[in-house]
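[1] Sequence and predicted model, in that order:
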Amino acid sequence: FSPPPPPPGGGAGGGEVQFRVKCLLAFQHVAGADIIIFGMYVHEYGEVGSSLYAGRVFVECVDSPPVLPETPGSDRQAVLTAVLHGYIQWTAARGFRFLHLHVPPPQDGSKYIFLPRSLSVRLQSTVHLSCWFERVLNSARQSGVISGFRSLWCGDSEDSNSNSSGNSGDSDTGGDQDLNPRMLSASTGVGSSRWQSRHGLFNERFFMATLVPSRMLPLQDIALMPSRLVGRRADLSRFIAMEKLHFRTLEHAHYSSLSIIRSVALEQRYPHLASPSPVPMGLP
């Protein structure tokens, strides 16, 4: 999905950087229905051009609903890894040159798609997301999709070169020992600048990977669906909050996923509507 194009004369000015926002949603068929298991928003700055941003892709946010007993975490992790790895391959085949990934700091409670999270959960997510990104990039480098990557924890004096052949993704797992929920809930000043200085592991982290040019273009490109409902992350998050959608149980996940799908379908059928409303489940 992508936001609708701006009206004629309503685009970015000469001094503004133009980019395309995309929303990618992954579904899994569980108990006779499709449920959303992953969402990703990316900013694509054009394959070619003279701008400093040209040829770059920024993965703005990745998120997934809570893991359910019907969707084991190990199985879901493999699917999410395949989705991100496939997107990296697609960007290289399309002629993009650099991939940027961002691990938000735990203080930032706005970087989500489906459900807001508590500070203690965000602390764990900062470490887990950083390790996952590193494993995916190591795999992409070994398969020849990227030539290498660099990472930087906010506050470091210089980039750390992550092109080594070892499995550097395992090097950060020791930090999980510090993520004791009891310790996090009992600590005072968690997330403050003083606390951050003592636990630099929880600062935001940036990755930049160099994509290897592909000799083959994608056999088939996926058509973009313009959408005001899910084209921008803030709009989808607002819709989920306003409709009080949840993903805590399989029944909730079925209902919420179907509500999003039907609302997007309604939007595609009636594009003139200013803001699509969800279709009640009992109506065709």
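    Ah, there it is.
[2] Could you measure from the residue nearest to residue 204 when sequence neighbours are not counted over to residue 205?
    What sits nearest to residue 204 in space, not counting adjacent residues and going by Cβ to Cβ, 6 or more residues apart in numbering, is residue 105, at 4.1 Å. Bear in mind the C-beta positions are built from the backbone N, C-alpha and C, glycine included. Residue 105 is 9 Å from residue 205, where distance means Cβ to Cβ, to the nearest Å.
[3] distance between the ends of stretch 99-115?
    26 Å (Cα to Cα, to the nearest Å).
[4] That stretch: which residues count as buried?
    99-107, 111-115 (16 or more other Cβ atoms under 10 Å).
[5] Does anything pack onto the longest helix along the chain? Which helices or strands?
    Identified as the longest helix of the chain according to DSSP state H is helix 119-142. On a contact count with 3 or more Cβ pairs under 8 Å, 6 or more residues apart in numbering; DSSP states H and E, helix 119-142 meets helix 73-93, strand 98-103, strand 146-153, helix 181-186, strand 205-211.
[6] Residue 205 is in contact with residue 153, isn't it?
    Yes: at 5.1 Å, residue 205 and residue 153 qualify as touching, with contact defined as Cβ atoms under 8 Å.
[7] ok, of the helices and strands packed on helix 119-142, where does mean pLDDT dip lowest?
    In terms of mean pLDDT, the lowest-scoring of those is helix 181-186 (a mean of 40).
[8] Residue 116 contacts residue 125, doesn't it?
    No: look at residue 116 against residue 125 with Cβ under 8 Å: they stay out of range, at 11.9 Å.
[9] what about these two, which has more around it?
    Neighbours were counted for residue 116 and for residue 125 using other Cβ atoms under 10 Å; residue 125 has more, 19 against 12.
[10] any idea which helix or strand carries the spatially closest residue to that one that is not a sequence neighbour?
    Excluding its sequence neighbours, the residue lying closest to residue 125 (Cβ to Cβ, 6+ apart) is residue 117, at 6.9 Å. According to DSSP states H and E, residue 117 maps onto no helix or strand at all.
[11] Now do the SS call for the nearest residue to residue 240 once chain neighbours are set aside.
    For residue 240, ignoring the flanking residues on the chain, the nearest one in space by Cβ to Cβ, 6+ apart is residue 114 at 6.2 Å. Taken by DSSP: H, G, I helix; E, B strand; the rest coil, the conformation at residue 114 corresponds to coil.
[12] host element of residue 240?
    Here residue 240, judged by DSSP H and E, is contained in helix 233-242.
[13] in that helix, what's buried?
    Under 16+ other Cβ under 10 Å, the buried positions of helix 233-242 are 233, 235, 236, 237, 239, 240.
[14] So residue 230 is in contact with residue 236, correct?
    Yes: counting by Cβ under 8 Å, residue 236 is a contact partner of residue 230 at 4.5 Å.
[15] sorry, back to before: which of the buried residues of stretch 99-115 lies closest to residue 271?
    Closest to residue 271 out of the buried residues of stretch 99-115 is residue 113 (23.3 Å), distances taken as Cβ to Cβ.
[16] any chance you could read off phi and psi for that closest one?
    Per-residue torsions, residue 113: phi -110, psi -50 (degrees, to the nearest 10).
[17] my guess is it meets residue 41, correct?
    Yes: applying Cβ under 8 Å, one finds residue 113 in contact with residue 41, separated by 7.3 Å.
[18] list the residues that contact both of the two?
    61, 233 (Cβ atoms under 8 Å, 6 or more residues apart in numbering).
[19] need the contact list for residue 214.
    89, 92, 93.
[20] Could you say which helix or strand holds it?
    Taking DSSP H and E as the definition, one finds residue 214 inside no helix or strand.
[21] State the distance from it to residue 90.
    9 Å.
[22] what do you get for residue 99?
    11 Å.
[23] go on, residue 37?
    According to Cβ to Cβ, residue 37 stands 19 Å off from residue 90.
[24] So for the two, which residue has more residues nearby?
    Ranked by neighbour count (other Cβ under 10 Å), residue 37 and residue 90 place residue 37 first, with 23 against 16.
[25] Quick check: chain neighbours aside, which residue is closest to that one?
    In this structure, residue 37 finds its nearest non-sequential neighbour in residue 28, 4.8 Å apart by Cβ to Cβ, 6+ apart.
[26] Could you pull up phi and psi at that neighbour?
    The phi/psi pair for residue 28 (degrees, to the nearest 10) is phi -130, psi 140.
[27] That one against residue 79, yeah?
    Yes: using Cβ under 8 Å, residue 28 is in contact with residue 79, at 7.0 Å.
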